[in-house]
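Chemist: One predicted model, sequence on top.
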Amino acid sequence: MENKTQQEAWTIKVSSLTCIDLANTNLHQSADSLKQACQDCGFFYVTNHGISEELKDKAFEQSKKFFDLPLEEKMKVLRNEKHRGYSPVLDQILDPENQVDGDYKESFFIGIESVKDDPHGDTPFYSPNLWPDHDVLPGWRVTMEKYYQEALRVCKAIARLLALALDLDGDYFDKPEMLGNPIAVMRLVHYEGMSDPSKGIFGCGAHSDFGMMTLLATDSVMGLQICKDKDVKPRKWEYVPSIKGSTLHRVLGNGQDRYSIAFFIQPSHDCLVECLPTCQSENNLPKYPAIKCSTYLTQRYEQSHVDLSIYKQT
Ligand SMILES: O=C(O)CCC(=O)C(=O)O
Ligand SMILES: [Fe+2]
C-alpha cells in the first residue's frame with residue numbers, strides 16, 4: 001500500500017496527451033502522431049471521430065438511469081458466465097496487491113449480439129446480450145446498440161492508423177481472424193465513494209487493459225490516472241482529463257458520482273496473438289509466447305472477477 005510520499009507524487013500532476021484527428025486526410029501524419037503517443041504513454045485523445053455529442057449524451061443518460069435502479073432490479077440482469085450483464089460493486093479486483101477490497105465501481109457489459117445458430121455460439125465471448133426490461137428502461141437497448149456500432153467503427157479506423165504506425169499494410173488488422181470478427185465489449189461504468197490509496201481503497205485498481213485498444217468516454221469528473229513507467233518506484237501517477245487508451249492506469253473516486261463508457265476491442269476468438277512481424281528481428285526476438293485470444297481473455301476475466309457462485313448464496 002502506498003505511503004504519504006507516494007501519494008504526493010500523483011496528486012498534483014495532470015497529463016497532457018496527443019490528439020489524433022480522425023478527419024485528417026494525411027494518414028501518415030496521423031500514424032506518426034499515434035506512434036509517438038503509443039511510445040510515450042499509450043493514451044491519446046481522438047477528435048472528429050464522428051460519434052455525435054447527442055448519442056454520447058444519450059448513452060450516458062441511459063447508463064445513469066440503469067445504475068439508479070434498485071439493486072434488486074439490476075441483479076435481474078446479473079452478469080453471466082459469458083460476461084454479459086450487470087457487475088456489482090466489488091465484483092472485480094484489478095490490483096489485489098494494493099487493494100483491500102474489490103473495485104468500488106458497478107458496471108454493465110454488452111458484447112456482440114450473437115444470432116441463433118451462430119458458429120461461435122459455444123465460445124466464451126460470443127453470446128446473446130442481457131438487457132434490462134424494456135418497460136423499465138424504454139429505448140435503452142437501442143441507444144446502447146447504436147453507440148456500440150459507432151464505437152466499433154471508430155476503433156477500426158484507429159486500428160488502420162495503428163497498422164501504418166507499425167509499418168504494416170493499412171488493412172492488416174481488418175482480416176477475418178482479427179478485427180473482421182472482433183470480440184468487442186462495451187462496458188458502462190459507475191463509480192461512487194471516496195478512494196484512499198493509503199488504505200487500499202480504489203474506484204478501479206491499477207491495471208493494464210486486456211485487449212488491443214480501449215476507446216474511453218468519460219464525464220467531466222476527474223478520476224482516471226495513468227502511470228507512464230510502472231517500474232519506477234515510487235510510481236508516479238498523473239491525472240488524465242477525459243480520454244481513451246494499455247498503460248498502467250487506475251481510477252480514484254473523489255466522493256462524486258462518476259460515469260464512463262469503455263469500449264474494449266480484441267481480435268477474433270481464435271486469433272493467435274503473437275509478436276507482429278515488424279516488431280521483431282534477429283536481434284530483437286519476441287518477448288512473449290503466442291496465445292489464443294480467447295484463452296488470454298478468459299484468464300484475465302476469471303483472474304480479476306469473483307466467482308459467480310457467491311451471488312447464489314445471497
Ligand atoms: O472509467 C475509467 O475512466 C477507466 C475504466 C478502466 O480503466 C477500465 O474499465 O478498464
Ligand atoms: Fe482500464
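Modeler: Noted; the coordinates are in hand. The shown structure was predicted, so the numbers you read here are calculated from the model rather than taken from an experiment. Ligands and ions are numbered 1, 2, ... in the order given.

Chemist: Show the contacting residues for the residue of the stretch 201-314 of the chain found nearest ligand 1.
Modeler: Nearest residue of the stretch 201-314 of the chain to ligand 1: Ser260, at 3.4 Å (CB to the nearest ligand atom). Any C-beta I mention is one placed from the backbone N, CA and C, and that applies to glycine too. With contact taken as CB atoms under 8 Å, 6 or more residues apart in numbering, Ser260 is in contact with Leu188, Val189, Tyr191, Leu216, Ala217, Thr218, Asp219, Leu224.

Chemist: Show me what the third one is bridged to.
Modeler: On the basis of DSSP bridges, Tyr191 is bridged to Lys105, Arg258.

Chemist: What is the neighbour count of it?
Modeler: Tyr191 has 25 neighbours, counted by other CB atoms under 10 Å.

Chemist: Now do it against Lys292, distance only.
Modeler: 33 Å (CB to CB, to the nearest Å).

Chemist: List the residues that contact Glu238.
Modeler: Trp10, Lys13, Val14, Ser15, Gln225, Ile226, Cys227, Lys228.

Chemist: These in strands, which ones?
Modeler: Gln225, Ile226, Cys227 (DSSP state E).

Chemist: The first one contacts Pro241, doesn't it?
Modeler: No: the pair Gln225 / Pro241 is not scored as a contact, 10.9 Å apart, by CB atoms under 8 Å.

Chemist: Now render the ones in strands among the contacts of Glu238 as JSON lines, adding distance to ligand 1, neighbour count and pLDDT.
Modeler: Output for those, formatted as JSON lines (distance: CB to the nearest ligand atom, whole Å; neighbours: other CB atoms under 10 Å; pLDDT from 0 to 100):
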{"residue": "Gln225", "distance to ligand 1": "9", "neighbour count": "24", "pLDDT": "90"}
{"residue": "Ile226", "distance to ligand 1": "10", "neighbour count": "22", "pLDDT": "89"}
{"residue": "Cys227", "distance to ligand 1": "12", "neighbour count": "20", "pLDDT": "88"}
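
Chemist: Dump the residues you listed to CSV, plus distance to Leu166.
Modeler: Formatted as CSV, the ones in strands among the contacts of Glu238 follow (distance: CB to CB, whole Å):
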residue, distance to Leu166
Gln225, 27
Ile226, 22
Cys227, 24
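
Chemist: any idea which of these is the one closest to Leu34?
Modeler: Ile226 (16.7 Å; CB to CB).

Chemist: What residue, apart from its backbone neighbours, is nearest Thr18 spatially?
Modeler: Ala37 (4.0 Å; CB to CB, 6 or more residues apart in numbering).

Chemist: okay, now the nearest residue to Leu252 once chain neighbours are set aside: neighbour count?
Modeler: Leaving aside its sequence neighbours, Leu252 sits nearest to Ser195 (CB to CB, 6+ apart; 4.0 Å). For Ser195, the neighbour count with other CB under 10 Å is 22.

Chemist: Would you check that Ser195 makes contact with Gly253?
Modeler: Yes: here Ser195 reaches Gly253: they are 4.5 Å apart, a contact under CB under 8 Å.

Chemist: what's the overlap in contacts for those two?
Modeler: Joint contacts of Ser195 and Gly253 (CB under 8 Å, 6+ apart) are Tyr104, Phe202, Gly203.

Chemist: Does the last one touch Asp101 like I think?
Modeler: Same thing as Gly203. No: between Gly203 and Asp101 there is no contact under CB under 8 Å: 11.4 Å.
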